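**Q** this one's sequence-less:
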């Protein structure tokens with residue numbers, strides 16, 4: 001090897017050894033607390049739960065009608081805690097019936113119109129019979145309509 005390369009290596013090795021030994025000193029950094037005014041605040045949110053906290057829920061929808069227990073009462077699984085009023089189911093049933101009735105009327109409106117025409121024709125026939133019976137005479141259709149008005 002050449003002399004300059006060997007010198008560089010030796011210098012580099014000595015320098016590395018010096019840095020390594022200097023970093024391993026026994027000197028500990030010491031800190032002392034100082035009493036001052038608070039300059040920063042930390043805010044956090046959280047949930048505090050009791051050790052014996054339970055979640056209670058209903059399998060049905062509705063409004064609370066009556067609360068059957070008080071705070072501090074002992075309850076066990078299956079006890080009724082509240083009474084619910086569920087008018088939404090009744091209202092939904094009533095609305096469904098009204099919708100079905102409306103749909104039936106809408107679907108049958110053509111039949112109803114035909115029946116109204118049939119009733120009007122029967123009324124005209126009845127008047128014709130009454131008129132002919134009173135006058136003891138038979139008329140043609142155009143004469144009859146003219147005489148009835």
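**A** All right, it came through fine. On a predicted model such as this, the values are computed, not experimentally measured, just so you know.
**Q** Check what pLDDT the residue nearest the centre of the chain gets.
**A** For the chain, the residue sitting closest to the mean C-alpha position, by Cα atoms, centre = their mean, is residue 61 at 12.3 Å. On the pLDDT scale, residue 61 is placed at 78.
**Q** Would you check that it makes contact with residue 86?
**A** Yes - between residue 61 and residue 86 there is a contact under Cβ atoms under 8 Å: 6.2 Å. All C-beta atoms are positioned from the backbone trio N, CA, C, and that covers glycine.
**Q** what about residue 133, distance to residue 121?
**A** Going from residue 133 to residue 121 by Cβ to Cβ, to the nearest Å gives 19 Å.
**Q** The protein: strands as residue ranges?
**A** Assigned by DSSP state E, the strands in the chain fall at 63-67, 82-85.
**Q** out of these, deepest packed?
**A** Most buried of those by mean neighbour count (mean count of other Cβ atoms under 10 Å) is strand 82-85; its value is a mean of 12.
**Q** which other residues reach that strand?
**A** Residues outside strand 82-85 that contact it (Cβ atoms under 8 Å, 6 or more residues apart in numbering) are 58, 60, 61, 62, 63, 64, 65, 66, 67, 68, 69.
**Q** and the gap between residue 103 and residue 95?
**A** 12 Å.
**Q** what ranges of this protein fall below the confidence cut-off?
**A** The chain contains residues with pLDDT under 70 at 1-2, 22, 24-27, 136-149.
**Q** which one's the longest helix in it?
**A** helix 109-135 (DSSP state H).
**Q** Can you get me the centre-to-centre distance for that one and its chain?
**A** When C-alpha coordinates are averaged (Cα atoms, centre = their mean, to the nearest Å), helix 109-135 and its chain have centres 56 Å apart.
**Q** Break down this protein into its helices, ranges please.
**A** Going by DSSP H, the chain shows helices at 3-23, 87-107, 109-135, 141-148.
**Q** Dump the ones you listed to a markdown table, plus distance to residue 43.
**A** A markdown table is the format used below for these (distance: least, Cβ to Cβ, whole Å):
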| stretch | distance to residue 43 |
| --- | --- |
| helix 3-23 | 40 |
| helix 87-107 | 42 |
| helix 109-135 | 67 |
| helix 141-148 | 93 |
